[in-house]
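Colleague: A predicted structure for the sequence below; I have some questions about it.
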Amino acid sequence: MIEYRKMGRDDIASVVAIEEESFATPWTHEIFEHEMTGNAYAHYVVAVQEDEVIGHCGMWIVLDECHITNVAVRKRWRGNGIGEGLMRQAIALCKEMNVRLMTLEVRVTNHTAQNLYRKLGFQDGGIRKNYYADDHEDALVMWVEL
């Protein structure tokens, strides 16, 4: 059974490993350390299976707006609804904190993620040209009102 909980500093190494297998420009241990200790706006949830962190979702919540910073699931666990579970946890946290708007960027070619976000009520908001540093791919901005 998958458990969803708030991320702790002890989870950083596992989260970095997931980042490294998921993204061309993964966030580093130092970035997550700062997020956990020096960024009052940062909130993270993790998905755990038998004490193994298998996914994470990060967000910055400022006043009544949330920006999803990253969502990733270990390759061997993809396609099992864990990304959706993480996003639902993020949405629930935002509702608890009286957030009215959530936004994120997603690669224009990542149709799987876009479909998940649309399933959760996100709408297309625009394009950020050359957004991704590794290959200059455009990002689709998506948002949802809670």
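Modeller: Arrived safely, thanks for sending. This is a predicted model, so every value here is computed, not measured. Numbering: from 1, shown residues only.
Colleague: please count neighbours and contacts with C-alpha atoms only from this point.
Modeller: Noted.
Colleague: distance of the nearest residue to residue 122 once chain neighbours are set aside relative to residue 125?
Modeller: Nearest residue to residue 122 in three dimensions, chain neighbours excluded: residue 144, at 4.5 Å (C-alpha to C-alpha, 6 or more residues apart in numbering). Here residue 144 is placed at a distance of 9 Å from residue 125 (C-alpha to C-alpha, to the nearest Å).
Colleague: then residue 98?
Modeller: Residue 98 is 22 Å from residue 125, where distance means C-alpha to C-alpha.
Colleague: then residue 135?
Modeller: 22 Å.
Colleague: ok, now residue 29?
Modeller: According to C-alpha to C-alpha, residue 29 stands 31 Å off from residue 125.
Colleague: this protein: helices as residue ranges?
Modeller: 12-22, 29-38, 82-96, 111-119 (DSSP state H).
Colleague: for residue 52, which of those is the nearest?
Modeller: helix 12-22 (8.0 Å; C-alpha to C-alpha).
Colleague: any buried residues in the top strand by length along the chain, and which?
Modeller: The residue-count maximum for a strand in the chain (DSSP state E) belongs to strand 52-62. Neighbour counts over strand 52-62 (16 or more other C-alpha atoms under 10 Å) mark 53-61 as buried.
Colleague: what sits against residue 134?
Modeller: 24-25 (C-alpha atoms under 8 Å, 6 or more residues apart in numbering).
Colleague: ok, the closest residue to residue 35 other than its chain neighbours - how many residues close by?
Modeller: Distances taken as C-alpha to C-alpha, 6+ apart place residue 42 nearest to residue 35, at 5.9 Å, with adjacent residues excluded. Close neighbours of residue 42, defined as other C-alpha atoms under 10 Å, add up to 20.
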